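Colleague: need a structure here:
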Amino acid sequence: MTISYQVLGQGKPLIIIHGLFGTSDNLKQIAKALSDQCKVYLIDAPAHGDSTTPSPLTLTTMAQAVLQFADEQGLNQFSLLGHSLGGKIAMEIALLDNSRVDRLIVADIAPVQYTRRHDNIIQGLNEINLVTLENRQQANETLTQYIDDAGVRGFLLKSLTRAEKPATGWRWRFDLQVLQQNYDNLIKGNSELSFPGPTLFIVGGNSNYVLPEHKPQIVSRFANVNVKVIQNAGHWLHAEKATAFVKICRDFLA
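Modeller: Numbers count the residues shown, from 1 in each chain. A predicted model of the protein is given here:
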């Protein structure tokens with residue numbers, strides 16, 4: 001496994017993990033804001049960006065890939081911040097190897113089994129012919145048939161880039177085929193282990209990803225847990241309310 005990453009700042013190590021279909025750049029604004037407090041390792045999650053894909057692709061193998069990355073960086077102990085699927089991976093890391101994780105921040109996701117929420121996105125991505133595609137606008141027009149939210153389309157199109165081989169055409173900066181084939185593994189509940197360290201869930205007040213009925217599954221795994229709700233924010237809370245998100249993280253990491 002190879003994990004692609006950027007390093008910002010100095011201080012105690014913090015690994016930041018983005019969500020499904022993203023790259024490390026999605027949380028770069030947050031990483032920069034925390035870089036005067038932490039040495040931030042901003043990674044491309046396994047099967048995303050320039051990181052390689054473990055086989056099989058599961059929460060456990062993705063967590064193990066990040067732990068291997070931490071070994072390679074000489075990080076005996078570190079904190080974690082993960083959003084959405086990145087939060088699932090971060091939780092799995094803390095549950096699998098809790099002695100190495102100092103503090104855990106989970107942004108708008110719970111350790112529960114989710115229903116399939118991304119089928120329309122996957123269908124739209126598959127409808128784009130990367131060989132004959134002329135430009136991003138054409139890709140956006142195709143995605144519009146499947147995804148109403150312009151923000152979500154814009155987020156996905158950030159990962160559309162010119163193919164290096166062959167010289168013509170385009171490619172996604174995530175492993176679409178493997179993510180599609182293993183999607184059910186990514187929405188499973190996290191391991192039923194426990195992490196005793198300080199844990200913070202940051203939840204979007206307008207989001208439906210973390211619900212009151214998820215509380216038993218959260219506290220059974222994370223006994224030392226606090227929850228902060230950012231009002232008037234949805235699932236993309238780190239982008240919608242960046243100032244509030246950063247302040248909450250800074251206070252917790254301090």
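Colleague: all contacts plus neighbour counts: C-alpha atoms, from now on.
Modeller: OK.
Colleague: Now the longest helix anywhere in the chain: buried residues?
Modeller: Scanning the chain for the helix with the most residues, using DSSP state H, yields helix 59-72. Of the residues in helix 59-72, 59, 60, 61, 62, 63, 64, 65, 66, 67, 68, 69, 70 count as buried by neighbour count, 16 or more other C-alpha atoms under 10 Å.
Colleague: where along the stretch 51-200 of the chain do the helices fall?
Modeller: 59-72, 85-96, 119-127, 136-144, 150-157, 176-181, 183-186 (DSSP state H, counting those that start in this stretch).
Colleague: Go through those and pick out the most buried.
Modeller: helix 85-96 (a mean of 27; mean count of other C-alpha atoms under 10 Å).
Colleague: distance between that one and the chain's centre?
Modeller: 10 Å (C-alpha atoms, centre = their mean, to the nearest Å).
Colleague: now do stretch 205-221
Modeller: With C-alpha atoms, centre = their mean, you get 18 Å for stretch 205-221.
Colleague: So for residue 163, what's the pLDDT?
Modeller: pLDDT for residue 163: 86.
Colleague: okay, now residue 230: neighbour count?
Modeller: 20 (other C-alpha atoms under 10 Å).
Colleague: That one: what's it in contact with?
Modeller: Contact partners of residue 230, counting by C-alpha atoms under 8 Å, 6 or more residues apart in numbering, are 202, 203, 204, 205, 237, 241, 244, 245.
Colleague: Next, the second one: phi, psi?
Modeller: As for residue 203, its main-chain torsions (degrees, to the nearest 10) stand at phi -120, psi 140.
Colleague: Over to the fifth one?
Modeller: Main-chain dihedrals, residue 237, degrees, to the nearest 10: phi -60, psi -30.
Colleague: Skipping adjacent residues, who's closest to it in space?
Modeller: residue 204 (5.7 Å; C-alpha to C-alpha, 6 or more residues apart in numbering).
Colleague: residues in contact with the residue nearest to residue 48 when sequence neighbours are not counted?
Modeller: Of all residues not flanking residue 48 in the chain, residue 174 sits nearest, at 4.1 Å (C-alpha to C-alpha, 6+ apart). Applying C-alpha under 8 Å, 6+ apart, we find residue 174 in contact with 21, 22, 47, 48, 49, 159.
Colleague: Show me which pair in those residues is furthest apart.
Modeller: 47 and 159 (12.5 Å; C-alpha to C-alpha).
Colleague: More neighbours: those two, which one.
Modeller: A side-by-side neighbour count of residue 47 and residue 159, using other C-alpha under 10 Å, places residue 47 first with 26 against 18.
Colleague: What distance do you get for residue 103 to residue 68?
Modeller: Using C-alpha to C-alpha, to the nearest Å, one gets 18 Å for the distance from residue 103 to residue 68.
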